[in-house]
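> Sequence and predicted structure are below.
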Amino acid sequence: MNSTKQAITPRIRRTHIALFVKDPFASAPWYEDVLGMQVTATGEKWVFLSFGTKHHDIALIQAEPAPAGADPRGTVNLQHYGLEIDGDLDELRRLYGMLLRKNVPVIKTTDHKVGYGVYFADPDGHRFEFFYETVHDDEEGKRLLHAHNAPSDPFDLSPL
């Protein structure tokens, strides 16, 4: 019998994210309007939304009220959720323009050396990123991120 244990690593097929929000039913229309999602299920304190293929990609769950004087999001929280777009730099520019027209708070536009991103916030302050990948070879992407210290350099992006 071989006593050497082989490392077990997960093989991920699909992902989703669940976010605590003040009011999932008030927040859901923003996700439908800005991200083009569809509500696929609701419960007493939650709303599930899909980009169209999976049963859900984002779940909005009612957060318990924060104690008086406390930051409702806490001090340690999700930094952002990246959404890789299907398209090119012009598509990223179109999405950037759409965010601006809908008065969605845009946090920054960035050059990551492996692609470009537009960071923005939902009504509860959760950060999202639309990103366009320019490097499609994962090993080359790892090399570039390492060589440039995983940059988030300012990037002048003209909205369409």
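Good, I have the coordinates.
> switch to C-alpha atoms for all contacts and neighbour counts from now on
Fine.
> Could you pull up the contacting residues of the residue nearest the centre of the chain?
With distances taken as Cα atoms, centre = their mean, the residue of the chain nearest its centroid is Y81 (2.4 Å). The contact partners of Y81, taken as Cα atoms under 8 Å, 6 or more residues apart in numbering, are R127, F128, E129.
> Next one: it from Q38, what distance?
Distance, Y81 to Q38, using Cα to Cα, to the nearest Å: 18 Å.
> Please apply the same query to I61.
Counting by Cα to Cα - I61 and Q38 are separated by 16 Å.
> ok so, going back, quick one: which of the contacts of Y81 sit in strands?
Among those, DSSP state E puts R127, F128, E129 in strands.
> from these, which single one is nearest D137?
The shortest approach to D137 among the ones in strands among the contacts of Y81 belongs to E129, at 20.7 Å (Cα to Cα).
> And the helices in this structure?
24-35, 89-101, 138-147 (DSSP state H).
> Pipe those into a markdown table and attach mean pLDDT and mean neighbour count per row.
Formatted as a markdown table, those follow (pLDDT from 0 to 100; neighbours: other Cα atoms under 10 Å):
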| stretch | mean pLDDT | mean neighbour count |
| --- | --- | --- |
| helix 24-35 | 97 | 16 |
| helix 89-101 | 95 | 17 |
| helix 138-147 | 89 | 13 |
